[in-house]
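J.: need the 3D shape of this:
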Amino acid sequence: MRISGTVQKLLDRGVILSSPLSVEVDPSVDPERIAPGVIVHAGCRISGAETSIGPGSELGREAPAAVTDCQLGRNVSLEGGFFSGATFLDGVRMGSAAHVRPATLLEEEAEGAHAVGLKQTIFLSFVTAGSLVNFCDALMAGGTSRKNHSEIGSSYIHFNFTPHQDKATPSLVGDVPRGVFLDQPPIFLGGQGGLVGPARISYGTVIPAGTICREDVLQEGLLFAPPAAATRARPFCSGAYRAIDRIVVNNLTFIGNLWALKSWYLHVRAGTMSSDVFSRYCHCGALSRIEEGLRERVKRLKELADKMPLSLERARAGTGEDLPPRIESQQRALADCWPGMEARLNEGPLPQTGASDRDFFLAEWEKTEKLSGHIKAVSSLSPSARKSGAAWLQGIVDSATALWKS
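T.: Numbering: from 1, shown residues only. This next block holds a predicted model:
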């Protein structure tokens, strides 16, 4: 049995293949995008022209790993499973049996134990998921280090599909405007629990193990106690929505946070992710993941808006009663204003949003030492720079939520 040409090129480059005959490397892979010294264990499969793997990274230490069109920074360990269309910054680790699908971005030192499923998911630095976790369609932040990080407990799920069969359900655990400064209290989502999207969870929140959270927790530093469950069954009519104001606001808030994160990568991260070619690949990949997330969220919100006329019809047919005026007006408002809202969402934030705060922040950012890495550069910022940077990014978020007037 002969070694394929692409595998031989990797060996010639100094990539360490523990069992070259068992490793599959598709011809679409550019060997120049795989750093010398990368370790690839037996049974791994690598494909995709967009794939890049940075120095010190390792594939398949626990079980075979299939990697397609992913970007890995330095010292990333994907220990087994399936990884497609995702970006992993320096020091990320994912345990075996992972299932990581497109539009996933994990920032520095984020981690997942075994059997973690992610899609349309963003973890800011240090966020950690336990084992047997399904956490799709969400962004999570919080924590200041590997020892003080936001945690998703084992056997946790983010519920991202509704009985009305829509996925306008993204949840924001923490936020971007303050989360990117890596100085916020961690958030704890206890194991054997779940979060029903779309939800917003504030910094310092503790949701105890075994708890299903079905609401927003907007006050910081709370131990969440779920309200008593409804004690009686009631009719359910598929496709007949009730109040949608919170759903729309949470979706727009999530989109605004993606706008803010994109601006952060364009104006700030570019300075700490340009020192070598593998960092630049990751920077490009991260921007692609954010763009993919934005397209997904606008698509899902459009699907919700398109369902409103039918919802109004089914509500009366299913119950024999008109909706309360407040709820009816919310649904009519979303259907009526959606074309204009969609156009603005696709345009993104106006270039001058938060310009004065942005310029003040960037003036200090330009003076920081960036060669030691992004985390150290951010930690060196003054309180005044952090305040201005957060105000700039929050202004971007607010410009998205301002599009909704129920």
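J.: dihedrals phi and psi, the most centrally placed residue in the chain?
T.: By Cα atoms, centre = their mean, the chain has its centre lying nearest to I122, at 1.7 Å. The phi/psi pair for I122 (degrees, to the nearest 10) reads phi -130, psi 130.
J.: where does this structure have low pLDDT?
T.: Regions of the chain meeting the criterion pLDDT under 70 cover residues 1, 229-231, 318-321, 406.
J.: quick one, helices of it?
T.: 5-13, 176-179, 245-264, 270-272, 277-306, 308-319, 325-347, 355-365, 374-379, 383-401 (DSSP state H).
J.: just confirm L105 contacts T87, I think it does.
T.: Yes - between L105 and T87 a contact is recorded at 5.0 Å, counting by Cβ atoms under 8 Å. Using the backbone N, CA and C atoms, a C-beta is placed for each residue, glycine as well.
J.: so what sits against both of these two?
T.: Residues touching both L105 and T87 by Cβ atoms under 8 Å, 6 or more residues apart in numbering: G285, A286, R289.
J.: burial of P227, as a residue count?
T.: P227 has 7 neighbours, counted by other Cβ atoms under 10 Å.
J.: now it. Nearest residue, chain neighbours left out?
T.: Among residues not flanking P227 along the chain, E215 sits closest, at 7.9 Å (Cβ to Cβ, 6 or more residues apart in numbering).
J.: surely the one you found touches I201?
T.: No - taking contacts as Cβ under 8 Å, E215 lies outside contact range of I201: 9.7 Å.
J.: rewinding a little: could you list every residue that touches the residue nearest to the centre of the chain?
T.: T104, L105, L106, E107, A138, L139, M140, L261, R289, I290, G293.
J.: how near is it to L294?
T.: Noted for I122: a distance of 11 Å to L294, by Cβ to Cβ, to the nearest Å.
J.: swap in P235?
T.: Taking Cβ to Cβ, one finds P235 at 37 Å from L294.
J.: same question for L59.
T.: 29 Å.
J.: which of the two has more neighbours?
T.: Higher neighbour count among L59 and L294: L59, with 26 against 20, using other Cβ under 10 Å.
J.: got a list of what the more buried one touches?
T.: Per Cβ under 8 Å, 6+ apart, neighbours of L59: V38, I39, V40, H41, C44, I46, I53, A65, V67, L78.
J.: does the fourth one touch I16 like I think?
T.: No - H41 is not in contact with I16 according to Cβ under 8 Å; the separation is 9.2 Å.
J.: among those two, which residue is more densely surrounded?
T.: H41 (21 against 14).
J.: which one is that one nearest to, not counting chain neighbours?
T.: Going by Cβ to Cβ, 6+ apart, H41 has G60 as its nearest residue, at 3.7 Å.
J.: my read: the one you found touches R45, true?
T.: No - between G60 and R45 there is no contact under Cβ under 8 Å: 9.4 Å.
J.: in terms of neighbours, single out the busier of those two.
T.: Neighbour comparison, G60 and R45: the larger count goes to G60, with 26 against 18 (by other Cβ under 10 Å).
J.: from S19, how far off is the more buried one?
T.: 10 Å.
J.: just to revisit the earlier point, which one of the contacts of I122 is nearest to E24?
T.: T104 (22.5 Å; Cβ to Cβ).
J.: return the residues in contact with the nearest residue to that closest one once chain neighbours are set aside.
T.: Leaving aside its sequence neighbours, T104 sits nearest to A86 (Cβ to Cβ, 6+ apart; 4.0 Å). By Cβ under 8 Å, 6+ apart, A86 lies in contact with C70, Q71, V100, R101, P102, A103, T104, L105, L106, L118, R289.
J.: now render the residues you listed as JSON lines, adding neighbour count and distance to F254.
T.: Listed next are the contacts of A86 as JSON lines, based on neighbours: other Cβ atoms under 10 Å; distance: Cβ to Cβ, whole Å:
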{"residue": "C70", "neighbour count": "27", "distance to F254": "24"}
{"residue": "Q71", "neighbour count": "29", "distance to F254": "23"}
{"residue": "V100", "neighbour count": "23", "distance to F254": "20"}
{"residue": "R101", "neighbour count": "16", "distance to F254": "18"}
{"residue": "P102", "neighbour count": "17", "distance to F254": "17"}
{"residue": "A103", "neighbour count": "24", "distance to F254": "13"}
{"residue": "T104", "neighbour count": "24", "distance to F254": "15"}
{"residue": "L105", "neighbour count": "29", "distance to F254": "14"}
{"residue": "L106", "neighbour count": "29", "distance to F254": "18"}
{"residue": "L118", "neighbour count": "27", "distance to F254": "16"}
{"residue": "R289", "neighbour count": "25", "distance to F254": "15"}
